[in-house]
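Trainee: pasting a predicted model and its sequence here:
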Amino acid sequence: MRTSSFFASRIWVPVLCLLLPIKDTVDSVDLLAPEKVTATHNGSVKVACQYDLQFKTNTKYWCKGPIYDLCGILVKTPKNRPSDRFFIADDMEAGVFTITMTLIRESDEDVYWCVISRSGRNVYKHVKLVVTQAATTPATTISSFLAQQERSLWTALRWIFFLVMLGCLAMTHVVVWRMKAPRNI
């Protein structure tokens, strides 16, 4: 039995449409970080990046730049590059690496990336640093971290929804195929 291109396109177009909304969320459940942190000018800020324990021996780093693929590495584990403003510490038992930035400047306001190196595509999460003149409270960072965890839950639910829809699509395909199959009486 030969499959027509019309029939094949009727199957693949819905599958591709289901994949489109989740294309940027593939690795998001492996790494959690606040989307936005606020720091004061000449102050310091700590950013905690929580990761799945399967990555505890992997190299982690912190880089700066609006596009992940072009960002510049500022500090890296396991051997912390010497820097007087950037520090990284990896608590492998807790599954958290923490970046500390000191003597914050106006020019530090940018997009940063928590990154875990691995074979294939690295795991990464963007963090927007906002520099202000006024003092900030730690509650801002904590609340944004909790919001990120809630978004991760929704990401997992989106994957479950995707798999259910894919199953429905496959079952529909099987039912239609069975209905069109010639019957021997």
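Mentor: Now that the structure is in, tell me what you want to look at. Numbers count the residues shown, from 1 in each chain.
Trainee: from here on, contacts and neighbour counts on C-alpha atoms
Mentor: Will do.
Trainee: show the subsequent helix or strand relative to the lowest-mean-pLDDT helix or strand in the chain.
Mentor: Using mean pLDDT, DSSP states H and E, the weakest-scoring helix or strand in the chain turns out to be helix 5-19, at a mean of 53. Sequence-wise, the next helix or strand downstream of helix 5-19 (DSSP states H and E) is strand 31-32.
Trainee: partner strands of that next one and their direction?
Mentor: strand 45-51 (antiparallel) (DSSP bridges).
Trainee: from the chain's centre, how far out does the partner strand sit?
Mentor: Centroid separation for strand 45-51 versus its chain: 14 Å, with C-alpha atoms, centre = their mean, to the nearest Å.
Trainee: could you spell out the sheet neighbours of the helix or strand where Val75 lies, each with its direction?
Mentor: Using DSSP H and E, the element containing Val75 is strand 72-76. Here strand 72-76 is paired, per DSSP bridges, with strand 60-64 (antiparallel).
Trainee: quick revisit: list of residues touching the strand holding Val75?
Mentor: 59-65, 81, 83, 86-88 (C-alpha atoms under 8 Å, 6 or more residues apart in numbering).
Trainee: make TSV from those and add distance to Cys49 to it.
Mentor: Formatted as TSV, the contacts of strand 72-76 follow (distance: C-alpha to C-alpha, whole Å):
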residue	distance to Cys49
Thr59	13
Lys60	10
Tyr61	10
Trp62	10
Cys63	13
Lys64	15
Gly65	17
Arg81	19
Ser83	20
Phe86	15
Phe87	13
Ile88	11
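Trainee: secondary structure element for the nearest residue to Ile99 once chain neighbours are set aside?
Mentor: Distance criterion C-alpha to C-alpha, 6 or more residues apart in numbering; nearest residue to Ile99, sequence neighbours excluded, is Ile88 at 4.5 Å. According to DSSP H and E, Ile88 maps onto strand 86-91.
Trainee: same thing with Thr155?
Mentor: helix 138-180.
Trainee: before we move on, the earlier item: give me every residue that touches the residue nearest to Ile99.
Mentor: When contacts are taken as C-alpha under 8 Å, 6+ apart, Ile88 is in contact with 61, 75-77, 80, 97-100.
Trainee: now Cys49
Mentor: The neighbours of Cys49, taking C-alpha under 8 Å, 6+ apart as the test, are 31-34, 96-98, 114.
Trainee: cool, Tyr112 as well?
Mentor: The contact partners of Tyr112, by C-alpha under 8 Å, 6+ apart, come to 62-66, 126-129.
Trainee: ok, those vs Thr40, which is closest?
Mentor: Closest approach between the contacts of Tyr112 and Thr40, by C-alpha to C-alpha: Leu129, at 10.3 Å.
Trainee: that closest one is in contact with Thr40, isn't it?
Mentor: No: between Leu129 and Thr40 there is no contact under C-alpha atoms under 8 Å: 10.3 Å.
Trainee: tell me where the model's unsure across the chain.
Mentor: The model of the chain has pLDDT under 70 over residues 1-29, 80-82, 134-154, 185.
Trainee: lovely, talk soon.
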